[in-house]
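1. predicted model and sequence below, questions to follow.
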Amino acid sequence: MTKIAVAGKGGSGKTTVAGVLARLVAEEGRDVLTVDADENPNLGISLGLGVEATYGLISAREEMLPDGPAMAMSMEEVVERFATQAGERLKVVQVRKFDHFRPG
Amino acid sequence: MLASLEDKPGRVVIVDLGGGVMTVARGDESQIDVLVVVVEPYPRSAEVARRLLAMAAEKGIDRRIVVANRIAGREDLDAVERFLGVAPDVVIPDDSAVAAADRAGASPVDHDPGSPAVGVVRELASLLLDY
Amino acid sequence: MRVVLLGKGGSGKSTLAGLLCAEIRSRDGAVVAFDADTVPGLGEVLGMPATDDWMLAGSAVRDAGGWRLEGSAADVVDRCAREAPGGVRFVQVGNADSATKDFELYRARYPDRWSAAVAFNTVARIYDEEDGWAVVDLQGGTLHVASGMVGTDGVALLVVEPFAKSVLTARRMAGMGTWPPGVRLAGVANKVDSADDEAYVRDALEDLGVPMWASVPLDPAIKRAERAGVPLVAGDPSSPARRAVARLVDQLEQAGAPAEAVRGA
């Protein structure tokens, strides 16, 4: 298993590179899991899911209650439950909580 | 988080870390095999890239790949080398097909799979996964 | 007048902030520029050398209730702001070169950075000058907006590029919940290269109920200045982007002017 992280200044093209890379690797026949760790998650667009689907993607963090049993889930279980299929061998999971205005 | 992923042979995990340095700075990077740093030919982009590369080295991420993006010519390439201090490993050209895909909210792979930028990312894939 | 810039990373917030400062200074206005990002950004645009200077270190101290600012926000700014070329006063949170997931450990290891960040977040959120300007450049993305860095007064400028991801970010920001009632949310289309680009952003902002207050063109002179490290305050005031920003400043001045009672008639 190879774990690749993509980073760069905002706007550098990092998400586009990550998404295109993921698509190409999946098309080569490898099993690909993409993880969107941005609190403003746009990877879905670069994977080809489209704007509306990307906007509607559920964040694993959002669904996990702070003290609930979900926090005891392994990453594998999180993927099983919250990942979205983006292609035959391609999945995406969002892992940051969506930002709403915090009270106080 | 990545530590509890099943080590399936042949599986590839690609993490989009978000802009800036804080995700790398705060992350437990022992889980990462290779860090790809994307940089544009501007001082501020290079400054972030420089810090990311330094942090990654500090955290023991031994494989670090520099991808120069939106390179329109020799001048842009020289600018990256000058601002960053190293030559990039992969050079993605300024590609109107990518801009068009961005505008449409589509993936460049769907919008124009034969475009130069997509071709270079294919090379990046080989570089990362030893095809 | 308080102006806070928000938007997707890379949309041009820092550059716009710099252009705003340049325009304000050309009108002999006083301006304090705040860089809330932990990587060098607005400082470089303003012609300050990139330093890791955690400028507000020591300006917040721990007390029984948590943290307390040493003096008023104005006191802190007077004490800590640096002078950038052209008379722009500049305050940055500081630049990160390392960190850790463990906040306790971070605070113990870097007490100066921690106090600087607390002080900065407090000051940037509230600083407002009656006869001057505060221009606050937030980090790209939604985090700073959600944590209240916009404050409760002034104008929040949502910077949007003519690309789907930038528009989606704007959509998320406009939909974050109830915006503070004292904040006016307005949009700025940035790096506009065609009438189609402008319409794209204008339509998207309209869908969100956010008025578009300016359309700033893609300007090769700006890119050249950035490459050459020339501060925007020294840039050509007649360049297309700068002229668009001049019109934006007119609009901001109008927004900040107290409502005049209609007399007579």
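-> Arrived safely. Numbers count the residues shown, from 1 in each chain, chains lettered A, B, ... in the order given.
2. how about the strands in the stretch 1-150 of chain C?
-> In the stretch 1-150 of chain C, the strands defined using DSSP state E, counting those that start in this stretch lie at C:2-7, C:31-35, C:60-63, C:66-69, C:82-84, C:88-92, C:133-137.
3. contacts (any at all) between chain B and the fifth one?
-> No: applying C-beta under 8 Å from any C-beta of the partner chain, one finds that strand C:82-84 is not in contact with chain B, the shortest distance being 15.5 Å. Placement of C-beta: from N, CA and C, glycine included.
4. quick one: mean pLDDT over that strand.
-> For strand C:82-84, mean pLDDT is 96.
5. quick revisit: of all the strands of the stretch 1-150 of chain C, which lies closest to chain A?
-> strand C:2-7 (9.6 Å; C-beta to the nearest C-beta).
6. just the CA trace of that closest one, in CSV.
-> Provided in CSV are the C-alpha atoms of strand C:2-7 (Å, rounded to 0.1, in the frame of the first residue of the first chain):
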residue,chain,number,x,y,z
ARG,C,2,-13.1,47.7,8.5
VAL,C,3,-12.6,45.5,5.5
VAL,C,4,-12.1,41.8,5.8
LEU,C,5,-11.1,39.7,2.8
LEU,C,6,-12.2,36.1,2.6
GLY,C,7,-12.4,33.4,-0.1
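7. neighbouring contacts of that strand?
-> C:13-14, C:16-17, C:20, C:127-128, C:133-138, C:140, C:144-145, C:149-151, C:153-160, C:166, C:169-170, C:173, C:183, C:190, C:252 (C-beta atoms under 8 Å, 6 or more residues apart in numbering or on different chains).
8. neighbouring strands - and their directions - for that strand?
-> Strand C:2-7 sits in its sheet next to strand C:133-137 (parallel), strand C:154-160 (parallel), going by DSSP bridges.
9. and the angle from it to strand C:31-35?
-> Relative orientation of strand C:2-7 versus strand C:31-35 (axes from the mean of the first three to the mean of the last three C-alpha atoms, to 10 degrees): 30 degrees.
10. mean confidence (pLDDT) on strand C:2-7, please.
-> Rounded mean pLDDT across strand C:2-7 is 98.
11. can you pull the contacts of whichever residue of chain B sits closest to chain A?
-> Across chain B, the shortest distance to chain A (C-beta to the nearest C-beta) belongs to B:Gly19, at 2.9 Å. If a contact means C-beta under 8 Å, 6+ apart, then B:Gly19 has A:8-12, A:14, A:38, C:9-10, C:140-141 as its contacts.
12. redo that, cut-off 6 Å
-> A:10, C:9, C:140 (C-beta atoms under 6 Å, 6 or more residues apart in numbering or on different chains).
13. helices and strands around the worst-scoring helix or strand of chain B on mean pLDDT, which ones?
-> Using mean pLDDT, DSSP states H and E, the weakest-scoring helix or strand in chain B turns out to be helix B:22-26, at a mean of 80. Judged by 3 or more C-beta pairs under 6 Å, 6 or more residues apart in numbering or on different chains; DSSP states H and E, the packing partners of helix B:22-26 are helix B:43-58.
14. if we ignore the residues flanking it in sequence, what's nearest A:Gly11?
-> Nearest non-adjacent residue to A:Gly11, counting by C-beta to C-beta, 6 or more residues apart in numbering or on different chains: C:Gly10, 1.2 Å away.
15. next one: that neighbour from B:Thr23, what distance?
-> 16 Å (C-beta to C-beta, to the nearest Å).
16. so how far is chain B from C:Gly182?
-> Distance of C:Gly182 to chain B, given as C-beta to the nearest C-beta, to the nearest Å: 29 Å.
17. check contacts around that residue.
-> Counting by C-beta under 6 Å, 6+ apart, C:Gly182 has contacts C:152-153.
18. so the residue in chain A positioned nearest to chain B, which of the three states?
-> Closest contact between chain A and chain B, by C-beta to the nearest C-beta, is at A:Gly10 (2.9 Å). What DSSP: H, G, I helix; E, B strand; the rest coil gives for A:Gly10 is coil.
19. what about the helices in the stretch 51-200 of chain C?
-> C:73-80, C:103-109, C:111-126, C:143-146, C:164-174, C:195-207 (DSSP state H, counting those that start in this stretch).
20. ok, what's across the strand from the residue of chain B closest to chain A?
-> Residues in beta-bridge contact with B:Gly19 (DSSP bridges): A:Gly8.
21. quick one on the thing from earlier: out of C:Gly10 and B:Thr23, which sits in the busier spot?
-> C:Gly10 (25 against 21; other C-beta atoms under 10 Å in any protein chain shown).
22. so that one touches A:Lys14, yeah?
-> No: C:Gly10 is beyond contact range of A:Lys14, at 9.4 Å (criterion: C-beta atoms under 6 Å).
23. who touches both of the two?
-> By C-beta under 6 Å, 6+ apart, no residue touches both C:Gly10 and A:Lys14.
24. from what I can see B:Val13 touches A:Asp31, true?
-> No: counting by C-beta under 6 Å, B:Val13 does not reach A:Asp31; the two are 9.5 Å apart.
25. hey, which strand is longest across chain C?
-> strand C:183-192 (DSSP state E).
26. give the pairing partners of that one; include direction for each.
-> strand C:154-160 (parallel), strand C:212-217 (parallel).
27. the ones you listed into a markdown table, with extra columns for mean neighbour count and mean pLDDT?
-> Below are the strands paired with strand C:183-192 laid out as a markdown table (neighbours: other C-beta atoms under 10 Å in any protein chain shown; pLDDT from 0 to 100):
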| stretch | mean neighbour count | mean pLDDT |
| --- | --- | --- |
| strand C:154-160 | 26 | 98 |
| strand C:212-217 | 21 | 98 |
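28. among the ones you listed, which is nearest B:Asp78?
-> Proximity to B:Asp78 (C-beta to C-beta) singles out strand C:212-217 among the strands paired with strand C:183-192, at 26.8 Å.
29. what angle separates the closest one from helix C:195-207?
-> Going by the same axes, to 10 degrees, strand C:212-217 makes 160 degrees with helix C:195-207.
30. list the neighbours of strand C:212-217 that are in contact with it.
-> C:186-190, C:192, C:198, C:202, C:205, C:240-241, C:244, C:248, C:251.
31. residues from chain B in reach of chain C?
-> When proximity is defined as C-beta under 6 Å from any C-beta of the partner chain, chain B approaches chain C at B:19-21, B:25-26, B:42, B:44, B:47-48, B:51, B:102-103, B:105.
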